[in-house]
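> Sequence first, then the predicted structure:
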Amino acid sequence: MTSQPKDSHNKGLTGVILAGGLGRRMGGQDKGLVTLRNRPMIDYVIAALRPQVDELLINANRNQDAYSTYGCPVIADQMPDYAGPLSGMATALEAMTGSLLLTAPCDCPFPPANLAQRLHAALVDHNAEIVAAHDGNRLQPVFALITPSLLPSLQSFLKQGGRRIDEWYAAHRFVTADFSDRPEAFLNLNRLEDKAALEATAGAVH
Ligand SMILES: Nc1nc2c(ncn2[C@@H]2O[C@H](COP(=O)(O)OP(=O)(O)O)[C@@H](O)[C@H]2O)c(=O)[nH]1
Ligand SMILES: [Mg+2]
């Protein structure tokens, strides 16, 4: 892989917001459209990611009309049956026009403003193919930067029934980027009871 200058993190970067889940732990709600202080979650994520990328895609399998009001292409998983985030990533790798794919979930309203920059620095420093954020306590695998040439590998992994992100990452040159100074930036909405903490953060930030 040819290395790129470190300041090229926002040149030719495609971002995808993964909003394709079933929201099982949220009673089936479409998490990107759940409101936080009267604004849908996806609003927050778009605001945080748009300045970091050149092209922004939304990956959603339901409520495409609502998502399409944001002016970003809305792409649905090509695999049926909600096969998980890797399926959304594969769909974005096919649709993207940029030279690297930044992924982030729809249920995390305050991702770091330097997410793309730090992921990219780690990718270049380690000559990696995939980099994902680590918050100091755990890997945050859906906050990632992925090299598009890995699409055939991901497609065959999925075709063979692979579903686990960490398993697919481990098959490639994979490194993590340290965000242990910002663990709160990865707070995300998985259960109804997570909403109070996010509402409080939204109140403090805005
Ligand atoms: N495209 C797509 N995205 C999914 C699917 N399942 C989950 N996701 C997305 O993956 C992200 C992480 O899912 P989540 O259940 O919140 O995982 P957790 O926070 O790590 O427990 C969310 O943005 C979901 O919308 C799926 O079947 N297809
Ligand atoms: Mg989540």
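In hand now; what should we look at? Ligands and ions are numbered 1, 2, ... in the order given.
> give me the beta-bridge partners of the residue nearest to the spatial centre of the chain?
Nearest to the geometric centre of the chain sits A104, at 1.6 Å (C-alpha atoms, centre = their mean). Beta bridges link A104 to I17 when assigned by DSSP bridges.
> where's it relative to ligand 2, distance?
A104 sits 11 Å away from ligand 2, going by C-beta to the ion, to the nearest Å. In short, each C-beta sits where N, CA and C put it, glycine included.
> Ok, A122 next?
Taken as C-beta to the ion, the span from A122 to ligand 2 is 22 Å.
> Buried residues, the one helix or strand in the chain whose mean pLDDT sits lowest. List them.
When the helices and strands of the chain are scored by mean pLDDT, DSSP states H and E, helix 195-205 comes last with a mean of 83. For helix 195-205, the neighbour count (16 or more other C-beta atoms under 10 Å) marks 198, 201-202 as buried.
> Which neighbouring elements make contact with that helix?
Packing contacts for helix 195-205, counted by 3 or more C-beta pairs under 8 Å, 6 or more residues apart in numbering; DSSP states H and E, involve strand 35-36.
> Not counting sequence-adjacent ones, nearest residue to K195?
In space, and not counting its chain neighbours, K195 is closest to L189: 6.2 Å by C-beta to C-beta, 6 or more residues apart in numbering.
> Give me the neighbour count for the one you found.
L189 sits with 24 neighbouring residues when counted by other C-beta atoms under 10 Å.
> and if you look at A185?
A185: 22 neighbours (other C-beta under 10 Å).
> ditto for L100
Considering only other C-beta under 10 Å, L100 is surrounded by 23 other residues.
> list the contacts for it?
12-14, 120, 123, 145-148 (C-beta atoms under 8 Å, 6 or more residues apart in numbering).
> Equivalent analysis for V175, please.
Applying C-beta under 8 Å, 6+ apart to V175 gives the contacts 122-123, 126, 128, 130-131.
> same thing but at 10 Å, please
Contacts for V175 (C-beta atoms under 10 Å, 6 or more residues apart in numbering) come out as 119, 122-123, 125-132, 134, 169.
> what do you get for V53?
Residues in contact with V53 (C-beta under 10 Å, 6+ apart) are 9-10, 12-16, 98, 100-102, 104, 115-116.
> How about the residues of the protein by ligand 1?
Residues of the chain found near ligand 1 (C-beta under 6 Å from any ligand atom) are 18-21, 31, 59, 77, 82-85, 87-88, 105-107, 142, 188, 190.
> Filter these down to the buried ones.
Neighbour-count burial (16+ other C-beta under 10 Å) is assigned, among the residues of the chain next to ligand 1, to 18-21, 31, 59, 77, 83-85, 87-88, 105-107, 142, 188.
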